[in-house]
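Engineer: sequence and predicted model, in that order:
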Amino acid sequence: MRRTKIHTSKKLEKLVKKLITTDQNTDSGILEKWNATVFYVDRKKCWLITNGLTKYNVILIDIKSPDLIKIEQIFKDALLSQLIYDGIITNFENLNSIIGRIDFLPTDNDRSTTGFQNHNLESLDWWKREFGNLENMPIKDLTNRLNTSSIHIGKGRKMSDYTNPIEEIKKILTE
C-alpha cells in the first residue's frame with residue numbers, strides 16, 4: 001500500500017506526539033512529501049499542510065485531540081474538497097489510492113517549504129483581521145488565494161519558471 005509522509009513542525013509535533021513515527025523508509029508516492037504546521041484562529045488549532053513538490057496548500061480547521069484518531073480521513077476529505085474547489089476534479093477513490101496511508105514524521109527542516117508556509121501564515125494573519133473570527137473566514141476561498149499565488153519552480157529566472165500551486169498539482173494528478 002502506498003504511503004504519504006507528512007513532516008510536522010516542532011510546534012505541531014509537540015501537539016501530536018502519539019502520531020509521530022520515525023520509520024522514514026516508506027515510498028512517498030507521486031505527490032512526494034508534505035509539511036504541516038499549526039496556527040491559531042480564535043484559540044482554535046488549525047493546520048496548514050503544504051505539499052513540498054507543488055507548494056499546494058490544505059487547511060484543517062479547529063483540530064482537537066479527539067480528532068487525531070481520524071486525522072487521516074480529515075486530511076483526505078479536506079484535500080479532496082480543496083481540489084474540487086480549485087477546479088481539479090478527482091474522485092475520492094483516486095485520491096485515496098494516490099495518498100494511501102499517512103505517516104506523520106518529525107520535522108525534516110525543509111527551509112524552502114517552511115519559508116513558504118511562514119509567508120502563507122502572514123497572509124492568513126492579515127485575513128484573520130479582515131474576517132474577524134473563524135466562522136466568518138471562507139477557508140476554501142482563502143486557501144484558493146494561497147494556491148493561486150505565483151511561485152517560482154526551477155533553477156532559472158525565466159517567466160516560464162513561474163507558476164502557481166494549482167497548476168503544479170494539476171500536472172501531477174492528471175498525468
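Structural biologist: Cool, the structure landed. Numbering: from 1, shown residues only.
Engineer: partner residues bridging residue 105?
Structural biologist: Beta-bridge partners recorded for residue 105 (DSSP bridges): residue 7.
Engineer: need the helices for this protein, in chain order.
Structural biologist: Listed in chain order, the helices of the chain (DSSP state H) span 10-15, 71-85, 92-99, 111-131, 139-147, 165-173.
Engineer: how about the contacts made by the most centrally placed residue in the chain?
Structural biologist: What sits nearest the mean C-alpha location of the chain, by CA atoms, centre = their mean, is residue 49, with 2.3 Å. By CB atoms under 8 Å, 6 or more residues apart in numbering, residue 49 lies in contact with 6, 34, 35, 36, 57, 58, 59, 60, 75. No exception for glycine: its C-beta is placed from N, CA and C like everyone else's.
Engineer: flag the helix or strand of this protein with the lowest per-element mean pLDDT.
Structural biologist: strand 151-152 (a mean of 79; mean pLDDT, DSSP states H and E).
Engineer: pairing partners for it, with directions?
Structural biologist: Here, using DSSP bridges, strand 151-152 pairs with strand 162-163 (antiparallel).
Engineer: report the distance from the strand it pairs with to the chain centre.
Structural biologist: 19 Å (CA atoms, centre = their mean, to the nearest Å).
Engineer: nearest to residue 40, out of the helices of the chain?
Structural biologist: When the helices of the chain are compared by CB to CB, helix 111-131 sits nearest residue 40, at 9.2 Å.
Engineer: C-alpha coordinates for the closest one, CSV please?
Structural biologist: The C-alpha coordinates for helix 111-131 follow below in CSV (Å, rounded to 0.1, in the frame of the first residue of the first chain):
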residue,chain,number,x,y,z
ARG,A,111,13.7,25.5,4.7
SER,A,112,12.1,26.2,1.4
THR,A,113,8.7,24.8,2.3
THR,A,114,8.9,26.3,5.9
GLY,A,115,9.7,29.8,4.4
PHE,A,116,6.8,29.3,2.0
GLN,A,117,4.5,28.3,4.9
ASN,A,118,5.6,31.3,7.0
HIS,A,119,4.7,33.6,4.1
ASN,A,120,1.3,32.0,3.9
LEU,A,121,0.8,32.3,7.6
GLU,A,122,1.4,36.0,7.3
SER,A,123,-1.3,36.2,4.7
LEU,A,124,-3.6,34.2,6.9
ASP,A,125,-2.9,36.6,9.8
TRP,A,126,-3.9,39.5,7.6
TRP,A,127,-7.2,37.7,6.6
LYS,A,128,-7.9,36.9,10.3
ARG,A,129,-8.0,40.7,10.9
GLU,A,130,-10.2,41.2,7.8
PHE,A,131,-12.8,38.5,8.6
